[in-house]
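Q: I would like to see how this sequence folds:
(chains A and B)
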Amino acid sequence: MSLFYILIFPGFIFLSLYGLLIEYVDRKLYARFQNRVGPRWYQPLADIIKLASKETIIPRQADNRMFRWIPVFALAAASTSVLYVPIWGTNSASSFDGDILVVMYLLTIPTLTFFLAGWYSKSIFATVGAIRALTQLFAYEVPLLMALLAPALLANTWSFTKMAEFYSHHPLYSVFNIIGFVVAIIAVQGKLERVPFDIPEAETELAGGPFVEYSGRLLAIFRMAIDVEMVVVASIIAAVYIPFFYNAVPVLGFLIYVIKTMFVVLILAAIRSIFARLRIEQMINFCWKYLAPLAILQIIINIIAKGVLK
Amino acid sequence: MGKVVVPVGPQHPALKEPEGFSLTLEGEKVVSATVRLGYNHRGIEKACEERTYTQNIYLIERICGICSHTHSTCFIQCVEELAGVEITSRAAYIRTLVGELERIHSHLLWLGVAGHEIGFDTLFMYSWRDRELVMDLLAMLTGNRVNYGINTIGGVRRDVSSEQIKDILKTVDKLEERTKYYIEVLTQETTIVQRLAGVGRLSKEDAIRLGAAGPTARAAGVKRDTRKDDPYAAYGEVPFEVITDQNSDVLGRGIVRVKELMESYKIIRYVLERLPEGELTVKVPKKIPAGEAISRYEAPRGEDVHYVKSNGTEMPERVKVRAPTLANLSSISHMLEGGYLADVPIIIAAIDPCFSCTDRMITVTDREKDSKSMLDWNKLRAYSIDWHKERGLDFSAISHLREDGR
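A: Sure thing, here's the model as predicted:
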């Protein structure tokens, strides 16, 4: 059964397919917001197939072994983290007290691999992008973690499953978490490196940043990793902040999950289309000046709420 | 991280044409920047000397894909001055009309590119969608979306009908509405203002000292506009404001451009209301009397200057083109220094560069000897003959290929 969880649902195969679907929805919404037609439904898959069939070029001065393994690490870490996130109903494939922190660690690994990928590419554009990726990590990671811990405090648990259970029994309690929801939505734009926080990739000045030397299959794996990360992030936000309408019937429960994650993707796509890319120092200022205090405020609210309600 | 040198260009996604910027970075800050031109020399000036004046109109029009009307008008003004002809006022009005439509499409294009350079692709898509309106107008008026081919020596080649005037006025109303929206976006949208304000500063003194032209200079408060300073076509009769701004940064350059759009709509309405009756062309002899002339034209990017020397034949002896980008290039390294790497693309884009229109020569850099040299026509000829000889083709026997006839 655990092999089924890891490989098929909610493991690798489901994640890849749903990741491609989410990428399609994101791109289509982004295009419609911009008054464009947008891609067909199979475009993300076609992109991956095309990349996989292309020649993989590894720069001579790059570290060959690291260069090859880094994308695999990114994909593996992102795929593993989904095992602890509730997808159908309030249950996840596996759970223990403290899995919130494990998931957060696992989700940090892709960003670290972006840094390593840029660093080991030994190209000036990739190196600058790598340093930006790491700088950005320190800015959004703290508010994001605090925003996720606040609901956990209120639910008095360190596990996603129990948290989802708690909120499905007390749906009104999630009203307290609105600030955390906003903080998390903004911070994950940094995690997923999307506008206005796509500073490490910054197409116009860095030509793709850490991925500038990647091509072919390796780039395809990176793309998959980012798609999977997006699924995980959308699932986490849905499970933590939108804990309503859980249904025990598998198909219906899954449909509700799809609707919730698509709603998160809609918000993410809207943010992407209404902002310009910030500079790295503006981004860090913003995260520490506004996001982090907001996240602390959320924690304080939840501590008080917990004291008053119990 | 110590100092690193980042090459932006000759091939780089921030640049639409090849140009070399070498940036020395300290962290994210740009310490110094050097510009290298000459990747896109096409030998247009030399080619002009071997074509008749009429053929040259079409060649000159292809100097720039965006301000094509600019270059052809500027060249033709020189030739008309040499020939001593005065075009009819209907022709002058039509030239003004097409010139302003061209300015609108160029500025809207710039707005989109600027949006893209700061990662705001939505603005890019929106402004380019609205630009299609004016492109359609140009296609209706002249038959082409770019390289209109409406100019001829002594006038214009196509008339404007009264139905076309109605269509233009209708579209201009639509565009004006959109432009008002863009002015709002540019001055109020938070992330745009954050990314543009204070970036790429060029003070009024520096703008004058470095010879900046067009919106780059006007954004620094320099009231310099050839349409007012040295009126050509119908600009002497048309009332309009020269837009300046005191921001002296990239934001100011953007504001100047969108506000100039509003002036362009005013000019177009005025021109269409008072379009005088008359012939489209006056007769000009094929052989242009000997002499030299210089003419200026306010391109969307700044002042364009053409020089034509005639020797009394059907072909000019010398044509010299100074595109506005050349005037603005010297201020680029000044604007880049002290800024952030993230601002480099938008600072370069803010002068609305047209690098391939600018290049008039190639310098050959010898990397081993670290020396630079130029090839003149005779040396280039000799080089080419030698080059072919090495590959088994001997042209030196064909006497007319030799300039000196040996």
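
Q: contacting residues around residue A:204?
A: B:13-14, B:116-119, B:345 (Cβ atoms under 8 Å, 6 or more residues apart in numbering or on different chains). For glycine as for every other residue, the C-beta is placed from the backbone atoms N, C-alpha and C.

Q: Run through these and flag the ones next to chain A.
A: When the contacts of residue A:204 are checked against chain A using Cβ under 8 Å from any Cβ of the partner chain, the ones in range are B:13-14, B:116-119, B:345.

Q: Mind putting those residues into JSON lines with neighbour count?
A: Below are those laid out as JSON lines (neighbours: other Cβ atoms under 10 Å in any protein chain shown):
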{"residue": "B:13", "neighbour count": "16"}
{"residue": "B:14", "neighbour count": "22"}
{"residue": "B:116", "neighbour count": "24"}
{"residue": "B:117", "neighbour count": "27"}
{"residue": "B:118", "neighbour count": "30"}
{"residue": "B:119", "neighbour count": "27"}
{"residue": "B:345", "neighbour count": "25"}
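
Q: so which one among the contacts of residue A:204 has the lowest pLDDT?
A: For those, the model is least confident at residue B:14; its pLDDT is 80.

Q: May I have the residues that are in contact with that one?
A: Here residue B:14 is in contact with A:204-205, B:8, B:117, B:344-345, B:348-349 (Cβ under 8 Å, 6+ apart).

Q: between those residues, which is closest to residue A:303?
A: residue A:205 (42.9 Å; Cβ to Cβ).

Q: surely that closest one meets residue B:344?
A: Yes: counting by Cβ atoms under 8 Å, residue A:205 touches residue B:344, with 5.7 Å between them.

Q: overlap in contacts of these two?
A: By Cβ under 8 Å, 6+ apart, the residues touching both residue A:205 and residue B:344 are B:8, B:14.

Q: What is the nearest of the ones next to chain A among the contacts of residue A:204 to chain A?
A: residue B:119 (2.7 Å; Cβ to the nearest Cβ).

Q: Can you verify the closest one is assigned to a strand?
A: No: counting by DSSP: H, G, I helix; E, B strand; the rest coil, residue B:119 falls outside a strand, being coil.

Q: ok, it - contacts?
A: Applying Cβ under 8 Å, 6+ apart, the residues contacting residue B:119 are A:195-196, A:198, A:202-204, A:276-277.

Q: what residues are up against the closest residue to it other than its chain neighbours?
A: Residue nearest to residue B:119 in three dimensions, not counting chain neighbours: residue A:277, with 2.7 Å by Cβ to Cβ, 6 or more residues apart in numbering or on different chains. Each residue near residue A:277 by Cβ under 8 Å, 6+ apart is listed here: A:195-199, A:202, B:118-120, B:191, B:195, B:342.

Q: Among those, which lie within helices?
A: Among the contacts of residue A:277, the ones falling in helices (DSSP state H) are B:191, B:195.

Q: and which of the contacts of residue A:277 is nearest to residue A:296?
A: Of the contacts of residue A:277, the one sitting nearest to residue A:296 (Cβ to Cβ) turns out to be residue A:197, at 20.5 Å.

Q: so that closest one makes contact with residue A:136?
A: Yes: using Cβ under 8 Å, residue A:197 is in contact with residue A:136, at 6.6 Å.

Q: Can you pull the residues that touch both of the two?
A: Common neighbours of residue A:197 and residue A:136 (Cβ under 8 Å, 6+ apart) are A:190, A:283.

Q: Neighbour count: the two, which is higher?
A: The neighbour comparison of residue A:197 against residue A:136 (other Cβ atoms under 10 Å in any protein chain shown) goes to residue A:197, with 28 against 24.

Q: Could you find the closest non-adjacent residue to that one?
A: That would be residue A:190: by Cβ to Cβ, 6+ apart, it lies 4.0 Å from residue A:197.

Q: Is that neighbour in contact with residue A:287, as I believe?
A: Yes: using Cβ under 8 Å, residue A:190 is in contact with residue A:287, at 7.3 Å.

Q: so what's the residue lying closest to residue A:129 once chain neighbours are set aside up against?
A: Nearest non-adjacent residue to residue A:129, counting by Cβ to Cβ, 6+ apart: residue A:209, 2.4 Å away. Listed by Cβ under 8 Å, 6+ apart, the contact set of residue A:209 reads A:114, A:118, A:125-126, A:128-130, A:132-133, A:200-202.

Q: can you do 7 Å?
A: A:118, A:125-126, A:129, A:132, A:200-202 (Cβ atoms under 7 Å, 6 or more residues apart in numbering or on different chains).

Q: Same question for residue A:102.
A: Contacts of residue A:102 (Cβ under 7 Å, 6+ apart): residue A:84.

Q: and it, helix, strand or coil?
A: At residue A:102 the chain is in helix, as set by three-state DSSP.

Q: Close to chain A: what parts of chain B are there?
A: For chain B, the residues in contact with chain A (Cβ under 7 Å from any Cβ of the partner chain) are B:4, B:6, B:12-14, B:28, B:116-122, B:125-126, B:129, B:191-192, B:194-195, B:340-342, B:344-345.

Q: Among the residues you listed, name the buried ones.
A: B:6, B:12-14, B:28, B:116-122, B:125-126, B:191-192, B:194-195, B:340-342, B:344-345 (16 or more other Cβ atoms under 10 Å in any protein chain shown).

Q: Among the contacts of residue B:119, the buried ones, what's the ChimeraX command?
A: Burial among these is assessed by 16+ other Cβ under 10 Å; the matching ChimeraX selection reads:
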select /A:195,196,198,202,203,204,276,277
